[in-house]
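In: Below: sequence and its predicted model.
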Amino acid sequence: MEEKIRKKMQEKIKNKAVYIGLNSVVRATKNGEIEFVIYASNVSDSIKNKLSESGVQLYEYDGDNEALSIACGKSFNISVLGIKK
């Protein structure tokens, strides 16, 4: 993942300007609230397909869902993270 994207992700997490979880992200993309989506490297193809249908830019995180949750500072696994506009 690009360093620019990683820094923006950290900034948005700090400001609580993110959506966490597939359902929240999909709902927010339909409402036009998402700038881009970051997903863990171990998500299923069906999730990738569902995200690609949303029409927003997608980035694959370098690690799995556990690594993404650590990067977000959460105690639960995160597979999909939407960055608010």
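Out: Looks like it came in fine.

In: give me the element the spatially most central residue of the chain is part of.
Out: The chain has residue 81 as the residue nearest its centroid, 2.1 Å off, counting by C-alpha atoms, centre = their mean. Element membership for residue 81, per DSSP states H and E: strand 80-84.

In: Tell me which other helices or strands that strand touches.
Out: The contact analysis (3 or more C-beta pairs under 8 Å, 6 or more residues apart in numbering; DSSP states H and E) places strand 80-84 against helix 3-14, strand 18-20, helix 22-30, strand 34-39. (Glycine included, C-beta is placed from N, CA and C.)

In: Just put these in CSV and tack on mean neighbour count.
Out: Below are the helices and strands packed on strand 80-84 laid out as CSV (neighbours: other C-beta atoms under 10 Å):
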stretch, mean neighbour count
helix 3-14, 13
strand 18-20, 19
helix 22-30, 17
strand 34-39, 21
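
In: could those go into TSV alongside mean pLDDT?
Out: TSV is the format used below for those (pLDDT from 0 to 100):
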stretch	mean pLDDT
helix 3-14	85
strand 18-20	95
helix 22-30	93
strand 34-39	94
